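1. requesting a structural model of the entry that follows:
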Amino acid sequence: MRNRQALLSSVEMARFVARGSLRLDAVVPAEMNAEGLAVLADGVPQVPFGTPLSEAYAEGSFVRRLLRIPQVAGALRSLVGPEPTVDHHFVHVREPGGGDAQPLHGDAIIDVRPDAFDVQLMYYPQAVTLEMGGTLSVPGSHLRRINESDTGRYQNLRGQDRLVCPAGTVVFLHHGLWHGGRRNSSGIARYMLKIRFNPTVRQRRLWDTSDLDDPRVVAELDATFPWYEPATGRLERYNRVLLWRALTGDDRFDIDYWVTRVSNRPEEVTA
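-> Numbering: from 1, shown residues only. Reported below is the predicted structural model:
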């Protein structure tokens, strides 16, 4: 199974750690997308919380085949490892000309893990235009802890990403990323399948680490985003370093001495 997966590179993993999301454009074939629209319109039967992935969806079912697409399977394994559990799934439907803009929120009100994370897969079986009101997200927001909809009063932030994508696009989100569905102002119903996955193994070096020393890794981890405040925004990079240390097992990794200086606690007593 591993040979059929397209594992993420270290550069791609670092980009996910910095942005809180990974986008795979048009990775689902057109014939599957046509089938997917019909499947989502009918609804996907629920599975119990915590069901192992291998048991959650029947052999040959649409969702099982979706998750076996090499790029999707490889990204999922790279992020949460083999055999994660399915937390839950939900089919989101925005009717033509319907729905209000969803308040900006994070999905994990009680999830404050600094060294582990769930991922949410979002599958779009049809091309999403700006008028169709695709998912809005705020890059780099996932490590700033909020209580679900504390950010709901904010409608627009500088640098936000309002999804416009081709059919068959799959997006993975860190569970803490701020996001919200937009109003569908088009004449076409918009469908999206969301699945949340929980890891069952330690999330350490699960991806292709052959490029771990590539300078682009640090460049990705050191990215800033337009909504960051000049001072407080530094905390986002600090928290990324902590997460990257946990993911790689390298407790000495740092960017510009951010973590090293504040973890300096000498124990030697002067004479």
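
2. which ones are touching G176?
-> Neighbour list for G176: 20, 106-108, 111, 117, 141-145 [criterion: C-beta atoms under 8 Å, 6 or more residues apart in numbering]. To be clear about C-beta, it is placed using only N, CA and C from the backbone, and glycine gets the same treatment.

3. which one of the residues you listed is nearest to T270?
-> L143 (37.5 Å; C-beta to C-beta).

4. and for the closest residue to that closest one other than its chain neighbours, the neighbour number?
-> What sits nearest to L143 in space, not counting adjacent residues and going by C-beta to C-beta, 6 or more residues apart in numbering, is N239, at 4.1 Å. If you count neighbours by other C-beta atoms under 10 Å, N239 ends up with 18.

5. ok, the one 5 residues further on next?
-> The local packing count at W244 equals 23, with neighbours defined by other C-beta under 10 Å.

6. chain center to the strand or helix carrying R245: distance?
-> Per DSSP states H and E: R245 is located in helix 234-248. Here helix 234-248 is found 16 Å from its chain centre; the criterion is C-alpha atoms, centre = their mean, to the nearest Å.

7. now stretch 262-271
-> The answer for stretch 262-271 is 39 Å, by C-alpha atoms, centre = their mean.

8. output the strand or helix carrying L66 as PDB - backbone C-alpha positions only.
-> Mapping L66 onto the secondary structure by DSSP H and E places it in helix 62-67. What follows is helix 62-67, C-alpha atoms only, in PDB (Å, rounded to 0.1, in the frame of the first residue of the first chain):
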ATOM      1  CA  PHE A  62     -17.000   5.900  -3.300                       C
ATOM      2  CA  VAL A  63     -15.400   7.300  -0.100                       C
ATOM      3  CA  ARG A  64     -13.000   4.400   0.200                       C
ATOM      4  CA  ARG A  65     -11.900   4.800  -3.400                       C
ATOM      5  CA  LEU A  66     -11.500   8.500  -2.900                       C
ATOM      6  CA  LEU A  67      -9.200   8.000   0.000                       C
END
